[in-house]
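S.K.: Sequence below, structure please.
(one chain, ligands or ions: 1)
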Amino acid sequence: MGKLMIIGCGGVASVAISKCCQNADVFEELVLASRTKSKCDALAEKLTKVSKTKIVTEAVNADHPDEVYELIKKHQVTAVLNLALPYQDLAIMDACLKAGVDYIDTANYEPEDLSDPAWAERYEKRCKELGFSAYFDYSWQWDYMDKFKEAGLTGLLGSGFDPGVTSVFVAYAKKHYFDTIKTIDILDCNGGDHGYPFATNFNPEINLREVSAPGSYMENGKWVEVPAMSIHREYDFEGVGKKDMYLLHHEEIEALGRNFPEVERIRFFMTFGQSYLTHMKCLENVGMLRTDAVDFEGNKIVPIQFLKALLPDPASLGPRTVGKTNIGCIFTGVKDGKEKTLYIYNVCDHQECYKEVGSQAISYTTGVPAMIGAMLVLTGKWKNPGVYTTDEFDPDPFMEALNQFGLPWKVEENPVLVP
Ligand code: NDP
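M.R.: Below is the predicted model of the structure:
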């Protein structure tokens, strides 16, 4: 039905590629392109034995739009699924625009070099005007709206779990359960244990930058920023049990705040154990989370990139991780004049994921919706010229596909609310 190029071949991409291969009627041909081609080759060799999907592999440095453009043209692909890092988003979008193909990703743009003056100027302005200081935001990609519209291309932004599925849950709640949504609490619980003193479940650099930043939430359309990890709650999660969770800034809040202006408050909480927080604080205190280059014995090194080299590769956690994740959204609002509350969530088991595709649940819960987003764009079910987040399309086909491809969800009326 279509030919997709997937860029990146890390933890999330490996799951998305495996899932595409389970869905060979839609994904007849894949081009796997990444910085380290040998990872693509290894996966292609494994999957072509069990799938009808035809796979070719390429090396690419996706920091360079021209390299991506050449590959799109060479292989005549119809869409690109970007599962490299947020640093490459704009370069890959530029290549898609030039080549005239659709674009899908799972994380919004963040610059690798925070000292870039053009980025820094805009960042300072946004911090002052909007009041949140995360290094990532949607403005850079929303700027492509007119260009994608004029070219008749679809850009689907943030088609992972959070963002991605959580935003689809919001659209689904609004479509089927509420006339007005008043509050949304997004709860991301990982009850998994990998047995290491410290490791991150996805790319360490992106993960540690996210969780060490100030927290923020949206109230009546305005951002409220608080010190990192300063808002703490406990919640009893189905399949996991009681966990400590902390309020974080998270990218879907920005898009949901814009697309659902009626919502009075949107918050995001993620669970962390005490040991994780102590390790992170210590690394931060000694400067290991710094993202700027420092001199070391005559060489320049970026501490957080050096740390990444020391930490376990998230893709290697699969066999060791036991336990479950539980990620979902709690809503309050009004239907037919009556106040109501609702919880939509998915529970996913690390070992089940490992048995199926050889990955832990964090990569799985991101890779499956990435495949679904690409499928809906390729099949034309989610086709709309411009750039959009997942809450801006009809949620029903996405929700149906979650059940079909390994992430079944539940709807619970009258859940325990987060104070
Ligand atoms: P990994 O670090 O495991 O994989 C990243 C892959 O991208 C690697 O294969 C890497 O190559 C490749 N890559 C990096 N830079 C380039 C480049 N310049 N050109 C080509 N390829 C490149 O990351 P994850 O799989 O954990 O995460 C992938 C994406 O998913 C990230 O953007 C992350 O933010 C996002 N994510 C989204 C979530 C969501 O729910 N929405 C949740 C978790 C992650 P190499 O092998 O050479 O290192």
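
S.K.: how much space is there between whichever residue of the chain sits closest to the ligand and residue 34?
M.R.: Using CB to the nearest ligand atom, the closest approach of the chain to the ligand is made by residue 10 at 1.9 Å. Just so you know, the C-beta spots here come from the backbone N, C-alpha and C atoms, and that holds for glycine as well. Residue 10 sits at a distance of 8 Å from residue 34 (criterion: CB to CB, to the nearest Å).

S.K.: Tell me which of those two has more neighbours.
M.R.: residue 34 (23 against 20; other CB atoms under 10 Å).

S.K.: For that one, list the residues it contacts.
M.R.: Neighbouring residues of residue 34 by CB atoms under 8 Å, 6 or more residues apart in numbering: 7, 8, 9, 10, 13, 40, 59, 60, 84.

S.K.: and those residues, which are buried?
M.R.: Taking 16 or more other CB atoms under 10 Å as the criterion, what is buried in the contacts of residue 34 is 7, 8, 9, 10, 13, 40, 60, 84.

S.K.: what's the farthest-apart pair in these?
M.R.: 10 and 60 (13.9 Å; CB to CB).

S.K.: any bit of stretch 248-264 sitting next to the ligand?
M.R.: No - judged by CB under 6 Å from any ligand atom, stretch 248-264 and the ligand are separated, with a smallest distance of 8.1 Å.

S.K.: quick one on the thing from earlier: could you name every residue contacting both of residue 10 and residue 34?
M.R.: Common neighbours of residue 10 and residue 34 (CB under 8 Å, 6+ apart) are residue 84.

S.K.: Quick one: name the residues of this structure near the ligand.
M.R.: Counting by CB under 6 Å from any ligand atom, the chain sits next to the ligand at 7-13, 34-36, 39, 60-63, 83-86, 88, 106-107, 158, 160-164, 202-203, 206, 314-315, 366.

S.K.: Narrow those to those in helices?
M.R.: Judged by DSSP state H, helices contain the following of the residues of the chain next to the ligand: 11, 12, 13, 39, 206, 366.

S.K.: what are the ranges of the helices in the stretch 101-250 of the chain?
M.R.: Here the stretch 101-250 of the chain has its helices, by DSSP state H, counting those that start in this stretch, at 117-130, 139-142, 145-151, 165-176, 204-211.

S.K.: With mean neighbour count and distance to residue 182 added, can I get the ones you listed in CSV?
M.R.: Formatted as CSV, the helices of the stretch 101-250 of the chain follow (neighbours: other CB atoms under 10 Å; distance: least, CB to CB, whole Å):
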stretch, mean neighbour count, distance to residue 182
helix 117-130, 12, 22
helix 139-142, 18, 26
helix 145-151, 15, 29
helix 165-176, 24, 11
helix 204-211, 20, 27
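
S.K.: And residue 334, what's its pLDDT?
M.R.: With respect to pLDDT, residue 334 has a value of 98.

S.K.: I'd say it and residue 183 touch.
M.R.: No - taking contacts as CB atoms under 8 Å, residue 334 lies outside contact range of residue 183: 11.4 Å.

S.K.: Same drill for the two, tell me which one is more crowded.
M.R.: residue 183 (17 against 13).
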